[in-house]
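Participant: Predicted structure and sequence below. I'll ask about it afterward.
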Amino acid sequence: MTFAMIDKRKVKRSFNLHASTYDQSAHLQKKVAAEVIERVTHSGIDPSRVLDIGTGTGYIALALRELFPTITIQACDIAHEMIAVARAKGAKLSYNHLAFVTADAEVLPYQRERFDLVVSNLTYQWLDRWGSAFQEVCRVLKVGGVFIFTTLGEQTLFELRDSYLRAYQTPGSSGVPSLHNFIRRDTLEEILTREGFSEVLVESKCEKEYHGGAKELLIHLKTIGAQNATTHNLLGLGKTKVFKQMLDTYEERYRNSLGIPATYELLFGWGRKR
């Protein structure tokens, strides 16, 4: 599968800019994070050291710290403003053995075989080099340690993508559109197995959110920092004609009695370090 190149500078800038609004808008992200926590608690794992990659505003790290008061938790995120929000939350709760640092998931600043559990929620879709990112997870996990994470699958926002591509095909458009590509379930399983994990399992399920209109959806995505982060801009998307046609197409093809749907394919991954 060919992935669009991700510009990490765009990723950092977007999430830094929207760190203050993230918790008020990231309803799906919180819902999925709660399921990650539930999977940890029902897995039978009794961790002593945990790493949360792409912690955002610290939702999972803080919840795990409350569930397991004696464990040590490290949490990292590429966006320093997100880390600032997470640290402030942790400081208010006076939690010990909990540290938040700014770090890249592809270059983790931790020693080898330090953790017995690594978790991550909706982070890896913002990376290009999945193999190297999972190698890093494997490096910092102890042998037998567990990796539990989520990411977005290929059906994510298919309504928006379809509407954009259809709008781009209207007369007068030029160039080649560049879209963020999401990973296939089987591709994700293959990468995990190749990079040193056993007992690999990837489950898929779709969630829909509804919005008052297509423009409201785009505003929502912006408030949580989830914008196109490819190295090329969406050619033509900024042009009034294409943008308006995209919104009109979305409304015409996908509106139903509940409003404008936005589909997210959620991939729940599990692996154990061999």
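Facilitator: Done, it's in. From a predicted model like this one, the values you see are computed outputs, not experimental measurements. Residues are numbered from 1 along each chain as shown.

Participant: show me the contacts for the closest residue to residue 102 other than its chain neighbours.
Facilitator: If the residues on either side of it in the chain are set aside, residue 102 comes closest to residue 80, at 4.4 Å by C-beta to C-beta, 6 or more residues apart in numbering. Every C-beta, even on glycine, is put in place using the N, C-alpha and C of the backbone. Taking C-beta atoms under 8 Å, 6 or more residues apart in numbering as the criterion, residue 80 is in contact with 12, 16, 102.

Participant: and the gap between the first one and residue 81?
Facilitator: Spelled out, that is residue 12. As defined by C-beta to C-beta, to the nearest Å, residue 12 lies at a distance of 9 Å from residue 81.

Participant: Show me which residues of the helix or strand harbouring residue 149 are buried.
Facilitator: Remark: residue 149 resides in strand 141-152, with elements defined by DSSP states H and E. Along strand 141-152, the positions that meet the burial threshold by neighbour count (16 or more other C-beta atoms under 10 Å) are 141, 145-152.

Participant: Can you name every helix or strand that it contacts?
Facilitator: Judged by 3 or more C-beta pairs under 8 Å, 6 or more residues apart in numbering; DSSP states H and E, strand 141-152 is in contact with helix 27-41, strand 115-121, helix 130-140, strand 260-273.

Participant: mind giving me JSON lines with the ones you listed and columns for mean pLDDT, mean neighbour count and distance to residue 68?
Facilitator: Conversion of the helices and strands packed on strand 141-152 to JSON lines gives the following (pLDDT from 0 to 100; neighbours: other C-beta atoms under 10 Å; distance: least, C-beta to C-beta, whole Å):
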{"stretch": "helix 27-41", "mean pLDDT": "96", "mean neighbour count": "17", "distance to residue 68": "9"}
{"stretch": "strand 115-121", "mean pLDDT": "98", "mean neighbour count": "25", "distance to residue 68": "10"}
{"stretch": "helix 130-140", "mean pLDDT": "98", "mean neighbour count": "19", "distance to residue 68": "18"}
{"stretch": "strand 260-273", "mean pLDDT": "98", "mean neighbour count": "20", "distance to residue 68": "19"}
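
Participant: For residue 253, which of the ones you listed is the nearest?
Facilitator: Put simply, out of the helices and strands packed on strand 141-152 the one that sits nearest residue 253 is strand 260-273, at 10.3 Å, with distance taken as C-beta to C-beta.

Participant: Return the list of strands paired to the closest one, each annotated with direction.
Facilitator: Each strand that pairs with strand 260-273, with its direction, by DSSP bridges: strand 141-152 (antiparallel), strand 197-211 (antiparallel).

Participant: chain center to the shortest one: distance?
Facilitator: What it means is strand 141-152. Computed by C-alpha atoms, centre = their mean, to the nearest Å, the chain-centroid distance of strand 141-152 equals 15 Å.

Participant: Give me the residues contacting that strand.
Facilitator: Judged by C-beta under 8 Å, 6+ apart, the contacts made with strand 141-152 from elsewhere in the structure are 32, 35-36, 39-40, 43, 45, 53, 113-125, 134, 137-138, 182-183, 188, 192, 197, 264-274.

Participant: Among the contacts of residue 80, which lie within strands?
Facilitator: residue 102 (DSSP state E).

Participant: quick check, nearest of the buried residues of strand 141-152 to residue 160?
Facilitator: When the buried residues of strand 141-152 are ranked by distance to residue 160 (C-beta to C-beta), residue 152 comes first, at 12.7 Å.

Participant: Identify the bridge partners of that closest one.
Facilitator: According to DSSP bridges, beta-bridge pairing links residue 152 with residue 266.

Participant: Please report phi then psi for the residue nearest to residue 93 when sequence neighbours are not counted.
Facilitator: Excluding the flanking residues, the one nearest residue 93 by C-beta to C-beta, 6+ apart is residue 62, at 6.9 Å. Dihedral angles of residue 62 (phi, psi; degrees, to the nearest 10) stand at phi -70, psi -40.
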